[in-house]
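Q: Structure for this input, please:
(3 chains)
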Amino acid sequence: MLMSRRARMAILPAVLALVVAGCGGGGGTGSAPQAAGAGCDAAPNYPRGPVEMIVPWAAGGGTDSVARFVGDQLAKKLDTQVNVVNRTGGSGVVGHSAIAAGRKDGSVIGMATVELTMMHWQGLTDLTYEKFTAIGMVNSDPAGLTVRADAPWPDAQALLGHVRANPGATRASGTGRGGIWDLARAGASIAAGLPPDSIRWVPSEGAAPALQELVAGGIELSTASLVENQTMIHAGRAKALAVMADERLAKFPDVPTLKEQGVDFTMSAWRGIAGPAGMPEPVVKELSCHLDAIVHSPEYAEFLAKTGFGLAWRDAAGFGAFMAEQDAQKGQIMKAAGLTP
Amino acid sequence: MAQDLAAALASLADPTLLLVVLACGVYGLFIGAIPGLTATLATALLVPFAYFLDPLPAVASIITMSAMAIFAGDLPSALVRMPGTPASAAYTEDAYRQTQAGHGALVLGVGLVGSAIGGIVGAVVLIVAAPALAEFALTFTSYEYFWVAVLGLTASVIISQGSQVKGAIALLLGLLFSTVGIDVALGYSRFTFGSELLLAGISFIPAMIGLFGLSEVLRNVLHPTGRLRVARIRTAGMFRDTFRTLWRYRKGVVSGNLIGGAIGVLPGAGGDIAAWVSYAATKNASREGHLFGKGEGHVEPVVSAGSANNSALASAYVPTLVFGIPGDTITAILLGVLLVKGVQPGPELFSTQAPLLYGIYLIFIVANLLMLPLGYLAIRGSGQLLRVPPGVLMPIIIAFCVVGAFAINNGWFEIVVMLAFGLLGYLLERYGFPLAPVVLGLVLGPIVEKNFMQSVIKTDWDLLQFLTRPVSAILMIVTVLVLVYPMLRSVWPRRRRGTGAGAGVERAVGPDGRDEA
Amino acid sequence: MTAENAPATGAADGPGSGIGPTNRPDLVAGLLATALGVAVVLHVRTFPGLPDGQPGPALFPGLVGGLLVLFGLVLAVRSAVRRREDAAGAQDVPPDSTPRSRLNALAVLGYIVAYLLLADLLGFALTTAPLLFLLMWLLGVRPWVAALSAVATTVLVVLMFQQLLLVPLPTGPLGV
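A: Take a look at the predicted model:
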């Protein structure tokens, strides 16, 4: 584990040459040594070994792919091994707890997600953002309003008008009860002057099963992010009525914001790198500096363009302040929507 | 079309691609053979490498690896009674008992060739019927999924050997354990008693390692007298016997492939459920069903369920490629890789990216053909395992159980779960309770509950919807038939005699129906 | 292994002597299942319902608990009425355990507990190799064979998981 990435790659062939040549070294070994993290070396003694990056969500999901991309880039910058480790379960509680309980020397970091500012309001844990050291926010995907392609509503106002006239008749999904997209539903309803339960929430395991229900006619609305619904939108099976962001998304320029349609409300699922509380200042500075470079690199831009994930950068201080602000906002909505115990 | 096919064939000649396929085949065999390391985990581990590859090799790496892993799950099933992947759990008992009785090479050979056939059939389903089937799968809502999961649960009633009451209690235990953690309807923490670790619930993979793996080691160590015989894996003439057996149980091959192909197409239902349902269907239909899972075990469920899981693996690509809705966890990860590669799954994939699509089809066939030689080598190699004395082998199995349980979530809690279920599994088995229903309950419990709660929340408790939606109603009728059929058969025990190929061990089915069901 | 195809040596030890001809174990198991079911049913009464008053989190576990009570009672009553379990239920009767074999089973469990306690402190390799050696030695393997197998297994696992499959193992002072 102490070996550098390149050294490890060099040993692999001795173990099982075939596997390495095909699966392992298929391109990873080919890259020339990077000018590792020029100008970011605020902590000369860091890192002293591999860095573990904890992901509170399952392999293959959105958080996981962002984390694996950033982890891979970070490994090059730090010139060490970055192990992306999925610690799933309990609506993110298990993974976030593992980050907060990690060693404070920077050898354990993780991908904190918006759920960190929600889970304690829901009564699942005592863990709050205060047990973390913010390092840098890397991505944010706003909620949307996606309906079936043949739905009768041309825009968000028409949909909300329908909801107003028939409270409880519209069914929406995208996450479990009290999840981020449930909050988007509740928050948008409140902002539109509707009772928070005027759209009925059908819990699901995530955006993909909700999308299946939407297309199959089981529900009328998905509040998941547009990137999560993009395959069906592109296939012409679903249409996006609004995005709950300040500005339109580059990948969906025709989809207006909710604000443009008269409802001043935004809600995003954000992701950022954080470590346990009390990390040494220089290490945070170094990591944040590397993240800044990664987030603004052409590779990251290409990754975002292809996957559809949204760019959102905040440095250590900015991310810390943002989490505090988010925590208050989420608490407010969850209390108003009756999602707190 | 012909042009696209030619282009796809040409792209197969790429040496990088062939190397990737070969290497990932070997990788998949290792992963699948180690209990705790699942094909899903392996796929996630492949992702960073897939990022470096072109789209076709990237997809090829995942297809080859997962196909091999699902077959390789049969190896530890047959050798040490520990399913290597959840998809093998349904027929572990039969595979193991057959190996103990000296038919190890046959069982593994059948598993291997059956897997290859299943994979190819699944790929053919994908090639021929993808758009139409995907359209059908998209009509499934929570009502239909509810019945699919209930159909799976009835499988356990059929699978249970011996006492049906004990089988039911084992199933209920599994279902009860599956409710630990955050509830679907309200997000309420159930049975966690204030523990954050229990909040995540009891995942079935460490439970499975404990129930089958650890309990087996405990049994072996506690009661060493009965087990020291060495069951050799004789690979000489393996393929001849294999094909003869497959031909004899060709009905099982067909039904396994049909069931696997059908279940795989449904988003969210994968190879493990396909294997259970196929096992139950085979046991229902077989005149030798009373021999399954006891005594020397039986090769027939390995034939059908072993094909079903690989068939489901391939047909899971149908909704993934056509609509970008993943058919199982592996294709969910593949979807992410495709997006990163700039390949947008959806109808246009079939028009604009035809060479890539045909390339994917061909890879399925190449991967499943490659499985035959690689799998044969793996079977030969694994046979050596049985020469290791138990005093050495048992501790090594424990070491792998521990590492495997840890690898699932990189946490200690999974090891504790494994330990607890190991003890539970030992005790249950000691007093005649079957273990498979516990796993089935753990796997299907959340699916049944989730879809039921979703359905009633959607419609304000209009339960009629479960019966009046056409597909839902058909699934319900099938479920009832599956439950009732064994009883009907015991009422008319002699009606269906004389059909099917003659089996060497033909034995009259007892009219009491107890053993059959 | 099953009583049917256990070898002659096993038969000499009297297979089936572990469980007597009466089915007291079934009675106990049935009552245990019933008790568990009752406990579950009582516990789920503390769960909240859905906002519209319909049953929510309690429904499914409550149902499972109820069925546990039902089937537990069936098992218990059946065991009391029928004195003897038929062959199908009692097919897996293993030979008796001995004081020695019970110690071995405890050692297997001890391995896992010790690993849980030590692996974070010492790392995977320093925990696994000695524990494997001890367990093999207890199971009657000659010391040098045990030592060799323990080290070889540890090295193999480290190479395979850490280097090849990139699955992290617990790390200690040696970095492995």
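
Q: Helices along chain A, start to end?
A: A:5-19, A:62-78, A:93-100, A:156-165, A:180-191, A:207-216, A:226-234, A:281-295, A:298-307, A:316-336 (DSSP state H).

Q: So if we follow the domain assignment, how does chain C break up?
A: Residue ranges for the domains of chain C, per automatic domain parsing: C:8-81, C:99-164.

Q: Please dump the helices of chain A into a markdown table; it should also carry distance to residue B:336 for every row.
A: Using the backbone N, CA and C atoms, a C-beta is placed for each residue, glycine as well. Formatted as a markdown table, the helices of chain A follow (distance: least, Cβ to Cβ, whole Å):
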| stretch | distance to residue B:336 |
| --- | --- |
| helix A:5-19 | 22 |
| helix A:62-78 | 5 |
| helix A:93-100 | 18 |
| helix A:156-165 | 29 |
| helix A:180-191 | 19 |
| helix A:207-216 | 11 |
| helix A:226-234 | 11 |
| helix A:281-295 | 19 |
| helix A:298-307 | 8 |
| helix A:316-336 | 25 |
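
Q: between those, which one is nearest to residue A:250?
A: When these are compared by Cβ to Cβ, helix A:298-307 sits nearest residue A:250, at 8.1 Å.

Q: For the closest one, which helices and strands make contact with it?
A: Using 3 or more Cβ pairs under 8 Å, 6 or more residues apart in numbering or on different chains; DSSP states H and E, the elements in contact with helix A:298-307 are helix A:62-78, strand A:311-314, helix B:329-340.

Q: now that helix against helix A:62-78, angle please.
A: 170 degrees (axes from the mean of the first three to the mean of the last three Cα atoms, to 10 degrees).

Q: picking that back up, mean pLDDT lowest for which of the helices of chain A?
A: Mean pLDDT is lowest for helix A:5-19 out of those, coming in at a mean of 38.

Q: pLDDT wise, what is residue 82 at?
A: Went with chain A since none was named. For residue A:82, pLDDT reads 90.

Q: hm, I was asking about chain C
A: pLDDT at residue C:82 comes out at 68.

Q: what about stretch A:74-93, how long is it end to end?
A: 25 Å (Cα to Cα, to the nearest Å).

Q: Whether it contacts chain B - can you check?
A: Yes - for stretch A:74-93, a contact with chain B is found by Cβ under 8 Å from any Cβ of the partner chain, at A:84-91, A:93.

Q: Next, format the helices of chain A as JSON lines and append distance to residue B:432 and mean neighbour count.
A: Output for the helices of chain A, formatted as JSON lines (distance: least, Cβ to Cβ, whole Å; neighbours: other Cβ atoms under 10 Å in any protein chain shown):
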{"stretch": "helix A:5-19", "distance to residue B:432": "44", "mean neighbour count": "15"}
{"stretch": "helix A:62-78", "distance to residue B:432": "43", "mean neighbour count": "23"}
{"stretch": "helix A:93-100", "distance to residue B:432": "36", "mean neighbour count": "25"}
{"stretch": "helix A:156-165", "distance to residue B:432": "57", "mean neighbour count": "18"}
{"stretch": "helix A:180-191", "distance to residue B:432": "46", "mean neighbour count": "25"}
{"stretch": "helix A:207-216", "distance to residue B:432": "39", "mean neighbour count": "25"}
{"stretch": "helix A:226-234", "distance to residue B:432": "48", "mean neighbour count": "24"}
{"stretch": "helix A:281-295", "distance to residue B:432": "57", "mean neighbour count": "21"}
{"stretch": "helix A:298-307", "distance to residue B:432": "53", "mean neighbour count": "16"}
{"stretch": "helix A:316-336", "distance to residue B:432": "49", "mean neighbour count": "17"}
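
Q: Among those, which comes closest to residue B:47?
A: That would be helix A:62-78 among the helices of chain A, by Cβ to Cβ, at 5.9 Å.

Q: tilt between the closest one and helix B:329-340?
A: 60 degrees.

Q: which other residues reach stretch A:239-253?
A: A:142-149, A:151, A:153-156, A:159, A:184, A:188, A:226-227, A:229-230, A:233, A:255-259, A:261, A:265-268, A:305, A:308, A:310 (Cβ atoms under 8 Å, 6 or more residues apart in numbering or on different chains).

Q: about what we covered before: take the helices and strands packed on helix A:298-307 and write them to CSV, including distance to residue C:120.
A: Shown next, in CSV, are the helices and strands packed on helix A:298-307 (distance: least, Cβ to Cβ, whole Å):
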stretch, distance to residue C:120
helix A:62-78, 23
strand A:311-314, 33
helix B:329-340, 29
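
Q: for those, which one sits closest to chain C?
A: Closest of these to chain C is helix A:62-78, at 11.4 Å (criterion: Cβ to the nearest Cβ).

Q: Is there proximity between the closest one and chain C?
A: No - residues of helix A:62-78 are not located near chain C by Cβ under 8 Å from any Cβ, the shortest gap being 11.4 Å.

Q: for the closest residue to residue B:413 other than its chain neighbours, what are its contacts?
A: Closest residue to residue B:413 apart from its sequence neighbours, by Cβ to Cβ, 6 or more residues apart in numbering or on different chains: residue B:197 at 4.5 Å. For residue B:197, the contacting residues are A:94, B:411, B:413, by Cβ under 8 Å, 6+ apart.

Q: Test for you: state the pLDDT assigned to the last one.
A: By that I understand residue B:413. 92.

Q: doesn't residue B:200 make contact with it?
A: Yes - if you go by Cβ atoms under 8 Å, residue B:413 and residue B:200 touch, sitting 7.3 Å apart.

Q: neighbour count winner among the two?
A: residue B:200 (26 against 23; other Cβ atoms under 10 Å in any protein chain shown).

Q: what's near enough to touch that one?
A: Here residue B:200 is in contact with A:88-90, A:93-94, B:181, B:409, B:413 (Cβ under 8 Å, 6+ apart).

Q: Would you mind putting those into CSV with distance to residue A:118 alongside?
A: As requested, these are exported to CSV (distance: Cβ to Cβ, whole Å):
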residue, distance to residue A:118
A:88, 17
A:89, 16
A:90, 13
A:93, 11
A:94, 15
B:181, 17
B:409, 21
B:413, 23
